[in-house]
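>>> return a 3D structure for these sequence lines:
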Amino acid sequence: MAKHDDFIDGELAGILEDGETVLHKAHIIKAPGILMQALLMGPLLSFLMTKAYFAAWTNKRLIIITTKKGFFGPKNLNLGVESIPAGDIQEVKTSGLLNNRSMTFVIDGKKRTWRIAPWYKGVTGQGDFFKQVPALASGKQLNA
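Numbers count the residues shown, from 1 in each chain. Okay, here's the model as predicted:
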């Protein structure tokens, strides 16, 4: 088990519906783009503008758990939960290089982008979330 798996599993246990199963989990962030960080902001300002989340893709929806970012990774803290039905997600696009990737979810025609580090080891299946969620979203392979 990875560092944050027990926390994520515990939080999801209370909100999963009957017959709903978690397929993938990840730690994601909302942060300014790399160019913006490099050109216009210093590390402290970039750190302050970064928001941390845990994400779970189930057979029915995308669940986003808002948390806090610590100096060495996300904290095991639930500051709120957002649930996005998979049917509302039209597309998931990926971009970026190496361990600084992004995932753009097109939800009801609006784009929402989160950054993800596929090599991050704090959540089991982090890389699988990045690789498989776009295909699952486009295929709508759901049980519901």
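
>>> helix, strand or coil for residue 2?
For residue 2, the assignment made with DSSP: H, G, I helix; E, B strand; the rest coil gives coil.

>>> so what's the residue count around the closest residue to it other than its chain neighbours?
In space, and not counting its chain neighbours, residue 2 is closest to residue 124: 4.5 Å by CB to CB, 6 or more residues apart in numbering. (Glycine included, C-beta is placed from N, CA and C.) Neighbours of residue 124 under the rule other CB atoms under 10 Å: 18.

>>> residue 124 and residue 29, how far apart?
18 Å (CB to CB, to the nearest Å).

>>> tell me what the helix or strand where residue 132 lies is packed against?
Assigned by DSSP states H and E, residue 132 belongs to helix 126-139. Judged by 3 or more CB pairs under 8 Å, 6 or more residues apart in numbering; DSSP states H and E, the packing partners of helix 126-139 are strand 22-30, strand 51-58, strand 89-97, strand 100-107, strand 110-116.

>>> between those, which one is nearest to residue 79?
Nearest to residue 79, of all the helices and strands packed on helix 126-139, is strand 51-58, at 9.3 Å by CB to CB.

>>> where does this protein dip in pLDDT?
For the chain, the stretches with pLDDT under 70 are 34-47, 140-144.

>>> adding mean neighbour count and distance to residue 16, write the helices and strands packed on helix 126-139 out as TSV.
Below are those laid out as TSV (neighbours: other CB atoms under 10 Å; distance: least, CB to CB, whole Å):
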stretch	mean neighbour count	distance to residue 16
strand 22-30	21	7
strand 51-58	22	7
strand 89-97	14	18
strand 100-107	18	20
strand 110-116	15	21
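
>>> make a markdown table out of those strands and add distance to residue 9.
Listed next are the helices and strands packed on helix 126-139 as a markdown table, based on distance: least, CB to CB, whole Å:
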| stretch | distance to residue 9 |
| --- | --- |
| strand 22-30 | 8 |
| strand 51-58 | 9 |
| strand 89-97 | 23 |
| strand 100-107 | 22 |
| strand 110-116 | 19 |
